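Trainee: coords below, sequence missing:
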């Protein structure tokens, strides 16, 4: 270490020779980081604005108004999709699993009730329509009720689109009014009117069931709101950097208080706080990358906002221990990169690794014993011969 470096180090340690000065400096830096963090949060906009940006980037945002955790599709019978990633932003994995299991059980019960109602409706529709087409083809395709108990028949009932069936009944009514006689059509039209009322009631019942199931998500409300931790794109890295710095500052303050209480304050130890300001965020990002890769023996859910905040803070708080984690992991990752003696020997024998003009120069090697004679011989014979070979090679390529 140079004399100038030692002098600067001594000046820094002398400046922080007082524990009060060290504590005040740490608090001021802590406040500076907090102000920078608040400025970053304001610059990012409201959570709704961030979620809208996330939707533009085709991300699953945690804003339930814009990205509902459960989406019901209009086609089919209570067909839905659960976005577990959205739920995991707020709740632990066990709570999410328990909620999904309960939700699927309730949805299955509700679907069975609706299937029974559909079966009853199509039975009534068949009784109302089929007698009028004894010797004619049926104008509307009605599911066969005998197949309701089979898996394939059940699927037909589930996939039946009630709105399409309602539209077909409306067209059938129009055809009856135009082409049938009054004596034939009066009773039939009354029956078709009743079917329209029944099918509208069935559609409303299905929509009410979907709404009831959607409201079950309200039973899983988080205790606290951590939406302010969401940032579209790679904004999570900034959160990780700031919260690791907050953890580092808190650790330094705790250590200072303990050292002052025990009369063990050491300026040399305190000055190590400054290089850790740069190391802690970088090592935190590396550790989170290792966790995300899935190669570490570590069960975690980085999608969970409260967990991510706590992890980022602890990475800064225990930044000194990160060195051992990264060192151990790097040794395991780089271990397979050892050289293979067999492959090196094999590569040495390959023609493309031999000197370009080795064969041509075999006949012009000197037999002299001294180094000076060998050097002179190389200038006189070997160098010109090599130049000739190069010129011949380029002349052939130009031809």
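Mentor: Received, thanks. If you're wondering where the values come from, they're calculated on a predicted model, not measured in any experiment. Numbering: from 1, shown residues only.

Trainee: The residue nearest to the spatial centre of the chain: what secondary structure?
Mentor: The C-alpha lying nearest the average C-alpha coordinate of the chain belongs to residue 303 (CA atoms, centre = their mean; 7.6 Å). Judged by DSSP: H, G, I helix; E, B strand; the rest coil, the three-state class of residue 303 is coil.

Trainee: contacting residues for it?
Mentor: For residue 303, the contacting residues are 85, 88, 89, by CB atoms under 8 Å, 6 or more residues apart in numbering. Where C-beta positions appear, they are placed from N, C-alpha and C, glycine not excepted.

Trainee: quick one, what contacts the first one?
Mentor: Think residue 85. 60, 303.

Trainee: Which ones among the contacts of residue 303 lie within helices?
Mentor: Using DSSP state H, the subset of the contacts of residue 303 located in helices is 85, 88.

Trainee: With pLDDT added, can I get the contacts of residue 303 in CSV?
Mentor: Below are the contacts of residue 303 laid out as CSV (pLDDT from 0 to 100):
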residue, pLDDT
85, 76
88, 76
89, 77
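
Trainee: Return the closest of the contacts of residue 303 with respect to residue 99.
Mentor: residue 88 (10.9 Å; CB to CB).

Trainee: wouldn't that closest one be in contact with residue 301 here?
Mentor: Yes. Taking contacts as CB atoms under 8 Å, residue 88 lies within contact range of residue 301: 5.8 Å.

Trainee: who's more crowded, those two?
Mentor: residue 88 (20 against 14; other CB atoms under 10 Å).

Trainee: Excluding residues flanking it in the chain, which one is nearest that one?
Mentor: Closest residue to residue 88 apart from its sequence neighbours, by CB to CB, 6 or more residues apart in numbering: residue 303 at 4.4 Å.

Trainee: what are the phi and psi angles of the one you found?
Mentor: phi -70, psi -20 (degrees, to the nearest 10).

Trainee: And residue 82, by the same measure?
Mentor: phi -100, psi 120.

Trainee: which one is it nearest to, not counting chain neighbours?
Mentor: In space, residue 82 is closest to residue 70, 5.4 Å off (CB to CB, 6+ apart).

Trainee: And for residue 198?
Mentor: residue 121 (5.5 Å).

Trainee: Quickly note the distance from that neighbour to residue 161.
Mentor: Using CB to CB, to the nearest Å, we find residue 121 at a distance of 13 Å from residue 161.

Trainee: Among these two, which residue is more densely surrounded?
Mentor: It is residue 121, of residue 121 and residue 161, that has more neighbours when counted by other CB under 10 Å, with 19 against 12.

Trainee: And that one, which helix or strand is it part of?
Mentor: helix 93-129 (DSSP states H and E).

Trainee: same thing with residue 24?
Mentor: Assigned by DSSP H and E, residue 24 belongs to helix 19-44.

Trainee: Which strands or helices does that helix pack on?
Mentor: Counting contacts by 3 or more CB pairs under 8 Å, 6 or more residues apart in numbering; DSSP states H and E, helix 19-44 packs against helix 236-261.

Trainee: C-terminal to the helix it packs on, what's the next element?
Mentor: helix 267-270.

Trainee: pLDDT of that next one, averaged?
Mentor: Regarding helix 267-270, the rounded mean pLDDT is 87.

Trainee: again, but for stretch 343-363
Mentor: 56.

Trainee: now do stretch 224-243
Mentor: On average, stretch 224-243 scores 88.

Trainee: Quote the end-to-end distance of it.
Mentor: 18 Å (CA to CA, to the nearest Å).

Trainee: So which bits of it are buried?
Mentor: Buried residues in stretch 224-243, defined by neighbour count with 16 or more other CB atoms under 10 Å: 226-227, 229-232, 235-236, 238-243.

Trainee: out of those, what pair is the most spread apart?
Mentor: Among those, 227 and 241 lie farthest apart (CB to CB), at 19.7 Å.

Trainee: domains of this protein?
Mentor: Residue ranges for the domains of the chain, per automatic domain parsing: 3-47+230-335, 70-220, 342-398.

Trainee: Local confidence estimate at residue 375?
Mentor: You'll see residue 375 listed with a pLDDT of 66.

Trainee: now do residue 58
Mentor: Model confidence at residue 58 (pLDDT) stands at 81.

Trainee: neighbours around residue 280, how many?
Mentor: Residues near residue 280, counting by other CB under 10 Å, number 25.

Trainee: next one: the one helix or strand it maps to to chain centre, how far?
Mentor: Using DSSP H and E, residue 280 maps to helix 273-293. Offset of helix 273-293 from its chain centre (CA atoms, centre = their mean, to the nearest Å): 20 Å.

Trainee: Identify the residues contacting the residue nearest to residue 198.
Mentor: 195, 198, 199, 202.

Trainee: Most neighbours of all the residues you listed, which one?
Mentor: Within those, residue 195 tops the neighbour count with 22 neighbours, counted by other CB under 10 Å.

Trainee: And it, which helix or strand is it part of?
Mentor: Residue-wise, residue 195 maps onto helix 182-214 under DSSP H and E.

Trainee: other SSEs contacting that helix?
Mentor: Against helix 182-214 (3+ CB pairs under 8 Å, 6+ apart) you get strand 70-72, helix 93-129, helix 162-179.
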